[in-house]
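S.K.: Predicted coordinates and the sequence they were generated for:
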Amino acid sequence: MNDEQDRHHDPDTPEWLHDSPDEDELFGLDDQSGNGQHAMVPARDTLPERIYLLPIHNRPFFPAQVQPLVINRERWEETIQRVARTSHHTVGLAFVGEAAVEGLAHDDFPEIGTAVKMHKLQGEEGQLQFIAQGLQRFRIQRWLSKEPPYLVEVSYPREPVDAEADEARAYAMALINGIKELLPINPLYGEELKHYLNRFSPHEPGPLTDFAAAITSAKGRELQDVLATLPVLARMQKVLPLLRKEIDVAQLQSEISDQVNAQMQERQREFFLREQLKVIQRELGISKDDRENDVDTFRDRLESLVVPPKVLTRIEEELDKLSVLETGSPEYGTTRNYLDWLTSMPWGVRSQDQLDLVHAREVLDRDHDGLADVKERIVEFLAEGTFKGDVGGSILLLVGPPGVGKTSVGRSIAETLGREFYRFSVGGMRDEAEIKGHRRTYIGAMPGKLAQALKEVEVENPVIMLDEIDKMGQSFQGDPASALLEVLDPEQNVDFLDHYLDVRLDLSKVLFVCTANTLDSIPGPLLDRMEQIRLSGYIAEEKMAIARNHLWPKLLKRANIPKKLINLTEAALRQVVEGYAREAGVRQLEKQLHRIVRKAAVRLLENDQQPVKVSVKNLETFLGAPLFRKEQVLKGEGVVTGLAWTSMGGATLPIEAGKVHSLTRGFKLTGKLGEVMQESANIAYSYVLGHLADYGADADFFDSAFVHLHVPEGATPKDGPSAGVTMATALLSLARHQSIERPLAMTGELTLTGQVLPVGGIREKVIAARRSGIFEVILPDANRRDFDELPDHLKEGVTVHFARRYKDVARVVFG
C-alpha cells in the first residue's frame with residue numbers, strides 16, 4: 001500500500017494534506033544515500049525571507065538539532081497548512097517560556113529563533129507531529145501578522161568566528177572533551193551525536209556549540225540566551241559552564257545509581273546465599289524452619305517452670321497442633337500467640353518474702369511522714385505473715401481522700417516485702433474482659449489485666465494494686481466489680497479462670513492492694529472481701545514534715561536547682577499549708593510549692609542566680625492572695641459549730657437557727673440539704689419542741705414562732721445524720737436566748753427519744769476542729785474507742801466530752 005492509500009485510510013490525517021504539491025518532501029526525506037535510506041539534507045541556500053512562526057514552551061530549538069515536535073492541531077493547524085503549501089516547508093520556532101497559549105501576544109516572542117524544515121508530518125488525536133530539522137538562526141525584522149497564523153519577515157544573521165584562532169580551538173576541544181565525558185555516563189546522548197555527525201563536521205565550532213547546548217538540561221532562559229548570542233566565541237564561553245554542570249549532575253546521578261544497584265545486588269546476594277544455606281542445612285538435617293524454631297522456643301521456656309499437669313497437657317496439645325499447621329495460615333498465628341502467653345506465665349516461680357519488721361519500719365518511715373496508725377497496721381499485717389510464713393492471699397483496701405498517699409503506701413508495701421509491684425487503674429472500667437480476658441474466638445483477643453501483670457512481673461506472688469476501685473462502671477459488656485469477686489476471694493482465686501488462657505491460674509499468692517476514696521460505691525460483697533485500712537487527712541504539722549522532707553527536695557531535684565539558691569522559711573511553709581493547701585491530702589500543697597519553684601527560677605535567671613528567699617512577707621508575690629483565711633468560728637444566739645466528713649477530709653459546719661416572725665408557727669430549712677439531713681433537722685425540731693421545759697426554755701416559744709434553720713455555703717450539697725445534735729443545740733440556743741461564747745464543736749446523730757448515736761470520720765473531724773482552732777468537742781459515747789485510737793499528737797490539748805443522750809450535750813453546752 002503506497003503513501004497515498006495510507007493517508008486516505010487514516011482518519012487523523014488532515015484533508016488539506018491530500019492536495020499538497022510536495023508530498024514526497026513533506027512526508028519523507030530526499031533519498032540521497034543510494035541505499036534506500038532517507039538522509040536529512042539541509043537546504044540553507046533556499047531559506048525564505050518570510051516564514052510562519054510556531055511558539056515552543058519547554059526549551060529553545062537549536063540549528064544543530066533534529067527531533068520530533070508535537071503541537072496542538074486545533075490551535076496551529078492553519079499555520080501548518082500554510083507551511084505545507086510552501087515550496088520550502090520552513091517554519092520558525094521561537095521560545096516563549098511559560099506564557100499561556102491563549103494570552104500569547106507578539107511581544108512575547110524573542111527576537112532570535114531557529115528556522116526548521118518540516119519532515120514526515122503526521123496527524124494524531126487532536127495533535128500534529130513532525131520531525132523538525134534545524135537550519136539556521138533568524139532575526140525577526142518585521143511582523144506581517146500579529147495574530148495566528150503568525151507571519152514575519154526575517155533575516156539570517158551571520159555567526160562570526162575564526163575557527164583557526166587558538167582560543168576558539170581551545171574552547172572547541174574543551175566542548176568535544178566534555179561531550180566525550182558525557183556519552184559514557186548517559187548513552188541516550190549517543191543518538192543525538194549520530195544525527196549531528198551526519199550533518200556537520202566536528203570541527204565546525206558554531207554547530208558544535210549549539211549541539212553541546214542542546215544536550216544539556218539547562219533552563220529554557222539560559223538556553224535562549226545561548227541561542228541569541230551570535231558571536232561563536234562568546235557562545236562557547238556560555239555553553240562550556242552549562243556542559244560542565246551537566247557532567248557533574250550526570251556523574252552524581254550515576255554514582256547514586258551505582259550505590260543503589262550495589263545495595264540491591266548485595267541484598268540479592270545475601271538472599272540467595274541464605275536460601276542456599278537453608279537448602280543445604282535441610283539436606284544435611286541440621287536446619288530448622290520457623291515452625292520448629294517456635295516449638296523449640298516454647299519448650300525451652302517450659303524447662304525452667306513448674307507447670308501444673310492440666311496446663312502442661314493443654315500446652316502439649318497446642319504444640320502438636322502447631323507442628324502440623326502451615327506457617328502462613330491465620331490459625332498458625334492464633335495458636336502461636338496462645339502458646340506464647342501460656343509459656344510466658346510464671347508457673348511455679350515465686351520471689352522470697354522479706355518478713356523483717358525492722359526493715360519494714362525503716363522503709364515506711366523513710367517514704368512517709370505521719371500515718372503512724374497506718375504504718376502500725378501494715379507492720380501488724382507483716383508480723384502475722386511472719387508466723388504463717390506467707391502473706392499471700394490477703395486483700396488490703398486503702399481508703400482515704402485524694403492525695404494522702406494511698407498509691408505510694410502500696411509501693412512501700414511491695415518494697416518492704418521485696419516483691420515485684422504492678423499497678424493498674426480500674427477507674428472507669430466497664431468491660432469484664434479487662435479482668436477475665438477475651439475469648440480466643442474474637443479477633444484481637446487478649447488475656448485480662450491480671451494475666452498481663454503476671455507475665456510482666458515474671459513471678460506468681462507480686463503485689464498488684466487495683467487503683468480507684470470505687471470508680472468502676474457498668475455497661476452492656478458486663479460488670480467488672482462482679483468479675484473481681486472471684487479475683488479477690490482467697491477461696492476462689494486459687495483456680496482463677498482467664499477466658500483467653502482457658503486454664504486455671506493460681507492468684508492465691510498475690511497480695512492485692514486496692515485504693516478508694518469512698519466506700520459508698522463499692523458493692524457490699526466486694527467490700528466484704530477486703531481488709532480496710534483508712535488513711536485520713538494530714539494535720540498542718542504532718543503536712544509541713546512531708547513538704548520539708550519529701551515534696552520540696554523532690555521539686556528542687558526535678559528542676560535541677562541547688563537547694564542553697566532557694567530558701568523557703570519555716571514560717572512561709574506554714575503559711576502555704578494553712579493559707580493555700582487546706583485539703584486533706586498534699587497534692588495541692590505540692591502544686592503550690594511547684595509554683596514557688598517556677599517563679600524563683602525566673603528570678604534566679606534575671607538576677608544572675610542570686611539566692612532567692614521566700615518568707616511570709618513576700619509569699620504573696622509568689623502565690624498571690626491566700627485561698628483560705630483563718631476560719632472565724634461563728635458565735636451568737638442560735639449559732640452552733642458542727643463537724644462534718646467529706647471525701648476531701650473533715651470540715652467544720654456552722655449551723656444557724658433564727659426566728660423570722662411570731663405570726664404563725666413554722667419551720668424552714670435551707671443550705672442544699674440532702675434527704676437524710678432534712679430528716680435529721682425535723683427530728684431535732686421535734687425533739688426540742690417536745691422538751692423545751694426540760695432544758696429551761698419557754699415551753700410556748702415555738703407555738704407562735706416561724707423558725708428558719710440554715711447551713712451556710714448553700715451551693716455545697718450536704719447530707720448525712722451526724723449534724724442531728726448540732727441542729728438541736730442551735731434550736732435550743734435560740735429558744736433559751738443563750739449563745740455559746742467559747743469555741744466548741746460537736747457531732748452525733750440524734751433520735752426522737754434523745755439518744756446520741758455514733759457517727760463516722762472521727763479522725764477527720766478532730767483534725768478539722770484543730771485546724772479551726774477549736775479544742776473542745778462533743779462526741780457520741782459510742783465513738784470513745786475511735787477517739788482513743790487516734791495518735792497522741794491529735795489528741796494533745798483537745799478536751800472531749802462523750803454523750804449518750806442529748807441531756808449530756810445540753811449539760812456541757814449550757815451548764
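M.R.: That came in fine, so what should we check first?
S.K.: Secondary structure element holding Val70?
M.R.: If you go by DSSP states H and E, Val70 is part of strand 66-72.
S.K.: Pull that strand out as PDB, backbone CA atoms only.
M.R.: Provided in PDB are the C-alpha atoms of strand 66-72 (Å, rounded to 0.1, in the frame of the first residue of the first chain):
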ATOM      1  CA  VAL A  66      16.900  17.100  14.600                       C
ATOM      2  CA  GLN A  67      14.000  15.900  16.700                       C
ATOM      3  CA  PRO A  68      10.200  15.400  16.500                       C
ATOM      4  CA  LEU A  69       7.800  18.000  17.700                       C
ATOM      5  CA  VAL A  70       4.100  17.700  18.700                       C
ATOM      6  CA  ILE A  71       1.800  20.600  18.500                       C
ATOM      7  CA  ASN A  72      -1.900  21.200  19.100                       C
END
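S.K.: just checking, what packs against that strand?
M.R.: strand 127-145, helix 189-199 (3 or more CB pairs under 8 Å, 6 or more residues apart in numbering; DSSP states H and E). Where C-beta positions appear, they are placed from N, C-alpha and C, glycine not excepted.
S.K.: Show me what the longest one packs onto, helices and strands only.
M.R.: In this case it means strand 127-145. strand 66-72, helix 73-84, strand 90-95, strand 112-124, strand 150-155.
S.K.: will you turn these into a markdown table that also has mean pLDDT?
M.R.: Formatted as a markdown table, these follow (pLDDT from 0 to 100):
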| stretch | mean pLDDT |
| --- | --- |
| strand 66-72 | 85 |
| helix 73-84 | 84 |
| strand 90-95 | 90 |
| strand 112-124 | 88 |
| strand 150-155 | 89 |
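S.K.: returning to what we had before: how about the strand holding Val70: buried residues?
M.R.: By neighbour count with 16 or more other CB atoms under 10 Å, strand 66-72 contains the buried residues Val66, Leu69, Ile71.
S.K.: Verify the contact between Trp552 and Asn567 for me.
M.R.: No - using CB atoms under 8 Å, Trp552 makes no contact with Asn567, being 11.0 Å away.
S.K.: And the two? Which one has more around it.
M.R.: Trp552 (19 against 13; other CB atoms under 10 Å).
S.K.: How about the more buried one, nearest residue that isn't a chain neighbour?
M.R.: Leu593 (6.0 Å; CB to CB, 6 or more residues apart in numbering).
S.K.: one step back: can I get the helices and strands packed on strand 127-145 in CSV with distance to Glu303?
M.R.: Below are the helices and strands packed on strand 127-145 laid out as CSV (distance: least, CB to CB, whole Å):
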stretch, distance to Glu303
strand 66-72, 75
helix 73-84, 81
strand 90-95, 80
strand 112-124, 76
strand 150-155, 91
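S.K.: And Pro149, what's its pLDDT?
M.R.: pLDDT, Pro149: 85.
S.K.: Contacts only, for it.
M.R.: By CB atoms under 8 Å, 6 or more residues apart in numbering, the contact set of Pro149 is Tyr52, Trp76, Glu78, Thr79, Arg82.
S.K.: Among the residues you listed, which one sits closest to Thr646?
M.R.: Thr646 has its nearest neighbour among the contacts of Pro149 in Trp76, at 89.1 Å by CB to CB.
S.K.: so what's that closest one closest to, chain neighbours aside?
M.R.: Closest residue to Trp76 apart from its sequence neighbours, by CB to CB, 6+ apart: Leu54 at 6.2 Å.
S.K.: What is the helix or strand encompassing the one you found packed up against?
M.R.: Per DSSP H and E, Leu54 falls inside strand 50-56. Helices and strands touching strand 50-56, by 3+ CB pairs under 8 Å, 6+ apart, are helix 73-84, strand 90-95, strand 150-155.
S.K.: What lies in contact with it?
M.R.: Residues outside strand 50-56 that contact it (CB under 8 Å, 6+ apart) are 69, 71, 76, 79, 82-83, 90-96, 99, 101, 104, 108-109, 113, 115, 138, 144, 149-154.
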